[in-house]
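Q: with the input below, show me the fold.
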Amino acid sequence: MDYTKSQQAVLDTHHTNLLVSASAGSGKTRVLVDRVINMILDHESIDHLLIVTFTRAAAKEMKDRIESALKQQINQVDAEERRYLTRQLALLPVAAISTMDAFCQQIVERYYYLINLDPVFRILGDASESALLKEEVWDDVREDLYANDEDGKFQELVTNFSSDRSDDGLTTVVDDVFRFMGAKPDPDDWLAHLGDNYAVDQDLMTAPIVKTRLLPIIQDKLASAKSELTAAKRLAADEQVDQVVTYMDSLLAQLDELHSDATSWDAFRAQVEAFDWGRLPSIRKTNEAYDGYQLVKDQVASHKKAAKEDQLDEILSFMPQDEIVTIATMHHSEQIVRQLATVVQTFSDAYAKEKRRRHVLEFSDVEHFALQILEAQTDEAKAVRQQLQTDYHEIMVDEYQDTNELQEAIVTSLAQDDPGNLFMVGDIKQSIYRFRLAEPQLFLTKFQRYQADPTAGKEITLAENFRSMANVDNFTNLIFTQIMDEKLGQISYSGSAKLVYGASYPTSLPNAASLLIYETEAPTEKAPGDVPDKDAGQVTVVAQQIAELMHDQTTIWDRRAQAMRPLTYQDIAIIAPTKTNNLEIQDQFGRLGIPVQINDAQSYFKTTEIQIMMSLLQLIDNPYQDIPLAAVLRSPIVGLNENELAFLRITDKTDDYFSALQHFLINYEADYAGQAYADSLQPKVAHFIEQLTTFQTIARKQPLATLIWQIYQQTGFLDYVAGMPAGVQRQANLHALYERAADYERNGFKGLFQFVRFIERMQNNDQDLAEAAAETTDNAVQVMTIHGSKGLEFPVVFLLDTSRNFNMQDTTERALLNNQLGIGIDDFQPDTRLVVPSIPKMVIKETTKQESLAEEMRKLYVALTRAEQRLYIVGACKQQADLLKTWQAAAQDQQLVLNPTLRGKTHNYLDWIGMSLVRHPKFQATDAQPLQALADDPTDFDITFITPDRLTEMAAYQKPITGSTWLTDLKEQLKTTDFASVDVDQIDQVLDMQYGFEPEMRTTAYQSVSEIKRLFEDPDMLQLGQYNPQWQQSHGNRFVTSDFKQPAFLQTVTAPTSAEVGTATHLVLQELSLTQPITLAAIDQQIQTLVADQVMAEPIAAQIDREHVLRLFDTELGQAIVAHGTRTQRETPFSLLLPAHQVFEDLHDEQAKILIHGIIDGYFEDEDGITLFDYKTDHVAPGESGIAKIKDRYSGQLNLYAQALSDMTGKPVVRKYLFLLATGEAVAM
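A: Just a heads-up that it's a prediction; the model follows:
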């Protein structure tokens, strides 16, 4: 087997600590396995190696590879060596190849007695189980702290972190600090020193937090400001604009003075405040420098703005108060932090005590106990540690960049000092688990130390990428050489850090990286409500690109077979920063017939079936909750429609909704019996109340899991969801709810109320669980997050949602935590009620921002390097010109690595990528001059901007799931096939047979008038108008409103659509009082009432045109409506039974009838008959043709309304009007 020089060095280096920096695709796992095999062949027994992996899957893969390699070797050696290798195979199942958690558990189970630990324990299950236990313990601790708060210290702590309404803020801080200390080797010691950074004397400038942390940040910002002003001066000098050069010189001189005067807090602060920015000189047209100034004016102003707002103003934000006040703030903050540490310690001790009582441990407990065993100082413990150090001749740590401080301490305690026996492999560029408290600085420190001092250890870099085509390497290098360095990225992306092409692909394969950018506000012919938002648009772009790849029968290179083969769905991965678009992907791909597998969806509580079940459980606990009650009544469990819900509400408008149900049942015989509508509704409501009462009885007497199973049995809901789309997954989710309820009670928690409250708290904290495992499709597009993609590779990769802003929530919390700096808090000053950030808070915020951006860079690196052959980068913008203007800012920078300020201000991956591409010679979208350092760069890429109209054009590749053409396709296939012995004419005759009542088969007995009206075009053709048979052919004669409002968890926050605004306007017209004058004030008051009652959303309310509503009532018809006052009927529901052929002319059965349901906007009666009116929000084209078109469109609908009203009242409809909200006109029909 051939190895690169670096790989061979890894295999050959022993008897020293070795750090292997393995870039993406460099064959890290193969080299690690081959190193193990070589050691075994050199008679280093497998049971003398400790191999620590990051996941159980990685440990299993490692064992499988070692087993396979040993079996190959057995067939190539003599008999004696074969016996030895057979022995190694026998030892492999019990070899120390595992995760850190599993290894520590073995240590604890074997040596528990060294620390007097009870050996009878179990590991807590999923996160929800430990969260329940922590919540219970914290409730007890908090109650005790309130009860014994004689000096008011605890209340002061609560006030500092929480609002006036609850103490949830403190709860969050305590939980964060407790979680953070769990990754420390000595958590109690770390906690005891938590307030040390707040200790200051009378000179702030000598305080460690200021001297070693804050001042370097300030100096960096001064340097960045100088860099910005120097760049502005250079631009002005190049164009010989002397006035601007002189102006910049004056600013630079002031900056130099600031650099030299950082010895006194107040003096330095005053000097920054007094910095005289003056005004950027203006140049008259008559001045010879005018033309040159116009070329650079915007760029110069941009540099000045960056120097002022991003640098000096930021420095002032670090120094909001004078020295005396700042010192006082620090002293008060120190007291708060030390009190917080005491509270966290109290909670930690109580939690540990409760876990001991229950004989349970968390994984972090196991690691801490393992470290205690390894560091114990008794003679017996020292002997154990020495024996373990002797037993393990080499300790191998995979994914070392994701190790935390506690795990590092465990590994170090087992390692030998001289010679070193640590083998660590990883890649700091792929350290993306900061949220798990991974500490990449551990890797970086060793990397730098081993390079500087080879006697401490050796560092070897594996740079060759054997996974990807050359252009993937080139594209990745192009981006990261410009955005990643020590200042913002923690490591310089240069030299050996860059990817080197190591794979072998045919040169003829397409290799350009493609940027697909969806423009949300590009000019379009679509109606506003029909334009997909940025999320839906991006998903559509990806879906259609995949459909195109499959439609074109794309082929890829199979590296194993060393041959071309057709692309399959499982070759494609969609990788995204978050799981936000998973439901959108599932929906759109399902409609296109593209199989998709969403990994670790983490959307359990958002699924419809679980939301319905949780609403029902909430009702069983407390039925007087309107929203859960409405959800259950509307769900398949009860099955009421909107009109039935409204009817129940009307029966008792003043009380809660459950009381309205009871009122209806109690008063049914007296007030409602005999009414057809009420008679059909009463059994449903009575059955629901009966079931609810039964469930409440079960909840009081039986375990929670029994209650859930009884709900499934008695409602049939478990069977019902099986018939829904993704039915197998939905059933699995419901089974999982039953299992989780059983686990909840097995762990000692009781009661429906506590279970519901716990789930609600998880949802309020944006926590979710993975959907239950169900059947999967092997050949499916894989969807995953960047974190989930780590370690994987795919021939085709779509990096989705690159325009999503980075999540910088870590910098906005009331308390910030940092591995080196501890905690930073805001100081609440009760006298002034001001909240002032402490110096540690500001330092940690700045540090956290840098660390977060560095990790985002590493996540982007991981995402790009998953691709083997084709890489698509998908994002969105408002308009192309705006995006290019943002990227253009990078073109001014002539250094290879982009300006740190510019990189630091970037909020998403797409802008980092675009700013890197805009300086490339192949970039054609702007007039920017390419960067000289990139003149010979071979990277190939293309950029496509996709408008909403372009999405429609791309739809040709869509393959929706449909059966509408299979008969025609089969017939044509039979016609073109040579069946010598078959009578093709007879087959044709059979296939051409038309069933006499086929239209009736496609016609439902229930129709919605609001949908039927879409078919009518010419009212002269039939009594009710002529329908469009083309629509009917594809959908059948079923015209009902089937688009229910999306549930909240599927909605995307966008501007209100025209349909939403139209519905809201209808609502205003429905509710507006006709017994008082109609004025703008009255209209506005009605809208505000609807918003206050949460019937209408504020953004929609703001879009209602009050003037148009008022104008309606200025018409003759409007005055008549007001004159009739309470006699004007509005929003009147109706049902109309009509002969079917009167609507559908192709139906042959003249006895068939259909039921049409609708709601009439309004009518009133006078001596002549009935006047009918209907509101319309449609856009009306100018001129009489526009009015005529509207009249044609709705004539059929109003004819149905008129017939319904005549049948209901026995009176003729003598006048019909359309109220056109867009123009304020009343049009007679």
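
Q: confidence-wise, which helix or strand of the protein is lowest on average?
A: When each helix and strand of the chain is scored by mean pLDDT, DSSP states H and E, helix 1029-1035 comes last, with a mean of 39.

Q: surely Pro510 forms part of a strand?
A: No: applying DSSP: H, G, I helix; E, B strand; the rest coil, one finds Pro510 to be coil, outside a strand.

Q: for the stretch 551-700 of the chain, which spans come out with low pLDDT?
A: Low-confidence segments of the stretch 551-700 of the chain, defined by pLDDT under 70: 600-603.

Q: which residues in it form strands?
A: For the stretch 551-700 of the chain, applying DSSP state E, counting those that start in this stretch gives strands covering 555-558, 563-566, 572-576, 596-598.

Q: ok, the stretch 1001-1150 of the chain next?
A: Ranges of strands in the stretch 1001-1150 of the chain, per DSSP E, counting those that start in this stretch, are 1006-1008, 1129-1139.

Q: got the domain boundaries for the protein?
A: Domains of the chain are assigned by automatic domain parsing as 5-121+362-462, 123-183+327-358, 204-320, 513-601+779-817+860-951, 604-764, 966-993, 1006-1228.

Q: these: which one's closest to His193?
A: His193 lies closest, by Cβ to Cβ, to one member of these: domain 123-183+327-358, at 8.6 Å. C-beta here means a position set from N, CA and C on the backbone, and glycine is covered the same way.

Q: in stretch 190-199, what's buried?
A: Residues Trp190, Leu191, Leu194, Gly195, Asn197, Tyr198 are the ones in stretch 190-199 that count as buried (16 or more other Cβ atoms under 10 Å).

Q: same for the helix or strand containing Ala370, what does it pack against?
A: Counting by DSSP states H and E, the element that carries Ala370 is helix 363-375. With contacts taken as 3 or more Cβ pairs under 8 Å, 6 or more residues apart in numbering; DSSP states H and E, helix 363-375 sits against helix 100-111, helix 379-391, helix 405-414.

Q: what's the next helix or strand after the longest one in contact with?
A: If I follow you right, that is helix 379-391. Proceeding N to C from helix 379-391, the next assigned helix or strand is strand 394-397, under DSSP H and E. The contact list for strand 394-397, computed with Cβ atoms under 8 Å, 6 or more residues apart in numbering, reads 14, 32, 35-36, 39, 44, 48-52, 403, 411, 414-415, 421-426.

Q: mind listing which of these are in strands?
A: Among the contacts of strand 394-397, the members falling in strands (DSSP state E) are Leu49, Leu50, Ile51, Val52, Leu422, Phe423, Met424, Val425, Gly426.

Q: apart from its chain neighbours, what residue comes closest to Phe753?
A: Asp621 (5.3 Å; Cβ to Cβ, 6 or more residues apart in numbering).

Q: kindly apply the preceding question to Ile627 instead.
A: Ser615 (7.8 Å).

Q: can you list the buried residues in stretch 1160-1178?
A: Buried residues in stretch 1160-1178, counting neighbours by 16+ other Cβ under 10 Å, are found at 1160-1165, 1170-1178.

Q: next, the distance between the ends of that stretch.
A: Stretch 1160-1178 has an end-to-end distance of 17 Å (Cα to Cα, to the nearest Å).

Q: before we move on, back to that, just the CA trace of the helix holding Ala370, in CSV.
A: Extracted C-alpha coordinates of helix 363-375, given in CSV (Å, rounded to 0.1, in the frame of the first residue of the first chain):
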residue,chain,number,x,y,z
PHE,A,363,-21.8,10.9,32.0
SER,A,364,-20.0,14.0,33.4
ASP,A,365,-20.2,12.4,36.9
VAL,A,366,-18.6,9.2,35.5
GLU,A,367,-15.7,11.2,34.0
HIS,A,368,-15.2,13.2,37.3
PHE,A,369,-15.2,10.0,39.3
ALA,A,370,-12.7,8.4,36.9
LEU,A,371,-10.4,11.3,37.3
GLN,A,372,-10.8,11.2,41.1
ILE,A,373,-9.7,7.5,41.0
LEU,A,374,-6.7,8.3,38.8
GLU,A,375,-5.6,11.3,40.9
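
Q: what does that helix contact?
A: In this structure, residues lying in contact with helix 363-375 by Cβ under 8 Å, 6+ apart are 100-101, 103-105, 107-108, 111-112, 114-115, 117, 123, 182-183, 185, 187, 352, 355, 361, 381, 384-385, 388, 406-407, 409-410, 413-414.

Q: buried subset of those residues as a PyMOL selection?
A: Remark: buried members of these, expressed as a PyMOL selection using 16+ other Cβ under 10 Å:
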select buried, resi 100+101+103+104+105+107+108+111+112+114+115+117+182+183+185+187+355+361+381+384+385+388+406+407+409+410+413+414
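
Q: circling back to that earlier point, let's have the helices and strands packed on helix 363-375 in JSON lines, adding mean pLDDT and distance to Thr785.
A: Below are those laid out as JSON lines (pLDDT from 0 to 100; distance: least, Cβ to Cβ, whole Å):
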{"stretch": "helix 100-111", "mean pLDDT": "95", "distance to Thr785": "22"}
{"stretch": "helix 379-391", "mean pLDDT": "95", "distance to Thr785": "37"}
{"stretch": "helix 405-414", "mean pLDDT": "96", "distance to Thr785": "23"}
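
Q: show me what contacts the residue nearest to Ser21 when sequence neighbours are not counted?
A: Using Cβ to Cβ, 6+ apart and skipping the chain neighbours, the partner closest in space to Ser21 is Thr461 (4.5 Å). Listed by Cβ under 8 Å, 6+ apart, the contact partners of Thr461 are Ser6, Val20, Ser21, Ala22, Ser23, Ser496, Ala497.
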